[in-house]
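K.L.:
Provide a 3D model corresponding to the input given below.
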Amino acid sequence: MTRTDLDALVIGAGVSGLTTAICLAEAGLRVRIWAAEPPERTTSYAAGAMWGPYLVEPLDRVRVWSAQTLDVLQQLATDPATGVRLVSGIEASRKPVEPPKWGNQLDGFRMCEPSELPDGFATGWRYTAPLVDMPVYLGYLRGRLEAAGGEIAIRRIDSLDETVDVAPVVVNCTGMGAGDLVPDPDLIPIRGQLVVVENPGITEFFSEDTGLSPDLLHFYPQGETLVLGGTAQPGEWNPEPDPDVAAAIVARCAEIEPRLHAVRVIEHRVGLRPTRPYVRVEEHRIDGTKMIHSYGHGGAGVTLSWGCALEIASSLIRSSG
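P.N.:
Take a look at the predicted model:
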């Protein structure tokens, strides 16, 4: 393989890498992904995943990226094969808080009446948002990339220097891997654990606004299954499910929805959210190769994915035009 075989090389096959590669390939570029793991073994696979720009900076760029992604996900929700659906539900807090500023972007957003809230909750809001079944969605993205002429090669690298002679443009979407590859000491994992259970008939989501607590509470209906969460444990690297944590997640969710007390567990998922003070989407050069970084999305990888990818693709098209 020579440098002229490719227009762009994307490193990483999570939701950011796949989406970026799709935008580049559908713009007519010859694209390949190098990834240490296939999509189904990335942190993206373990995501919940509902659209919502939580706890990510910088706010001005996040606002644009998340709005663009919302638009794409709403379009994808018209096709069941994508794994994206528009689902209604409630987010609530046990203490009085202001609703999120992004709420007015969502269909049906309104404040809840006290009678709509579970016992012990002081305020809440109802809305309809894209909910993504990640195993299905990652398969859809892979198929869309391949239909556009892109491909995925499983190849682990130890340094970004290994990519400089492969393509004139390299996009680094390595998530937590960027900590060593860049290197980036500002990047830390925030461990998330989820429990997938048999759905007892729940059709709406529920999510608690838990602030900065490491113990999250949400359940997301995915047809015959229900995804229960969760955790947000900064600095925790353990990729294996913790049975005690799983039991606590189920118990928290069952307090809100009694039908979950005796639910059958199907699967456990763990992901390490790649988190830094600011999402990094910027470029520089390494020995003549244009290196574009896109990582540090924290728990908002899906929420920001299309916006970041479209920005990168537009920048490359403008610079080559």
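K.L.:
only C-alpha atoms from now on, for both contacts and neighbour counts.
P.N.:
Fine.
K.L.:
so M176 makes contact with R273?
P.N.:
Yes. When contacts are counted by CA atoms under 8 Å, M176 is listed as touching R273 (7.4 Å).
K.L.:
common neighbours of the two, please.
P.N.:
Here M176 and R273 share the contacting residues P189, scored by CA atoms under 8 Å, 6 or more residues apart in numbering.
K.L.:
the more surrounded of those two?
P.N.:
More neighbours sit around R273 than around the other of M176 and R273, counting by other CA atoms under 10 Å; the figures are 28 against 22.
K.L.:
how near is that one to C23?
P.N.:
Note on R273: its distance to C23, by CA to CA, to the nearest Å, is 23 Å.
K.L.:
please apply the same query to Q233.
P.N.:
When CA to CA is the yardstick, Q233 and C23 sit 32 Å from each other.
K.L.:
looking at these two, which is more packed in?
P.N.:
In this comparison of Q233 against C23, neighbours counted by other CA under 10 Å, the higher total goes to C23 at 21 against 18.
K.L.:
packing partners for the helix or strand that contains that one?
P.N.:
Secondary-structure element containing C23, defined by DSSP states H and E: helix 15-26. Using 3 or more CA pairs under 8 Å, 6 or more residues apart in numbering; DSSP states H and E as the contact definition, the elements that helix 15-26 packs against are strand 8-11, strand 31-35, helix 134-147, helix 301-320.
K.L.:
and the first one, which strands flank it?
P.N.:
Paired strands of strand 8-11, with direction, are strand 31-35 (parallel), strand 169-172 (parallel) (DSSP bridges).
K.L.:
give me the below-cutoff pLDDT ranges for the protein.
P.N.:
Counting by pLDDT under 70, the chain has low-confidence residues at 1-4, 320-321.
K.L.:
G12 contacts R41, correct?
P.N.:
No. Using CA under 8 Å, G12 is not in contact with R41; the gap is 11.2 Å.
K.L.:
between these two, who's got more neighbours?
P.N.:
G12 (31 against 14).
K.L.:
and the helix holding C23, how far out from the chain middle?
P.N.:
What separates the centre of helix 15-26 from the centre of its chain is 14 Å, taken as CA atoms, centre = their mean, to the nearest Å.
K.L.:
next one: stretch 232-244
P.N.:
18 Å.
K.L.:
put the alpha carbons of that stretch into PDB.
P.N.:
Listed in PDB are the C-alpha atoms of stretch 232-244, where the atom choice follows Å, rounded to 0.1, in the frame of the first residue of the first chain:
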ATOM      1  CA  ALA A 232     -19.700   7.500  36.100                       C
ATOM      2  CA  GLN A 233     -16.500   6.600  37.900                       C
ATOM      3  CA  PRO A 234     -13.600   9.000  37.100                       C
ATOM      4  CA  GLY A 235     -10.200   7.400  36.900                       C
ATOM      5  CA  GLU A 236     -11.500   3.800  37.000                       C
ATOM      6  CA  TRP A 237      -9.900   1.500  34.300                       C
ATOM      7  CA  ASN A 238     -11.500  -1.800  35.100                       C
ATOM      8  CA  PRO A 239     -13.300  -3.100  31.900                       C
ATOM      9  CA  GLU A 240     -15.000  -6.000  33.600                       C
ATOM     10  CA  PRO A 241     -18.500  -5.800  35.100                       C
ATOM     11  CA  ASP A 242     -18.700  -5.600  38.900                       C
ATOM     12  CA  PRO A 243     -21.600  -7.800  40.200                       C
ATOM     13  CA  ASP A 244     -22.200  -5.500  43.200                       C
END
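K.L.:
now do the buried residues in it.
P.N.:
By neighbour count with 16 or more other CA atoms under 10 Å, stretch 232-244 contains the buried residues A232, Q233, P241.
K.L.:
got it, and stretch 242-257?
P.N.:
V245, A246, I249, V250, A251, R252, C253, A254, I256.
K.L.:
tell me how far the fifth one lies from S315.
P.N.:
If I follow you right, that is A251. Taking CA to CA as the criterion, A251 is separated from S315 by 47 Å.
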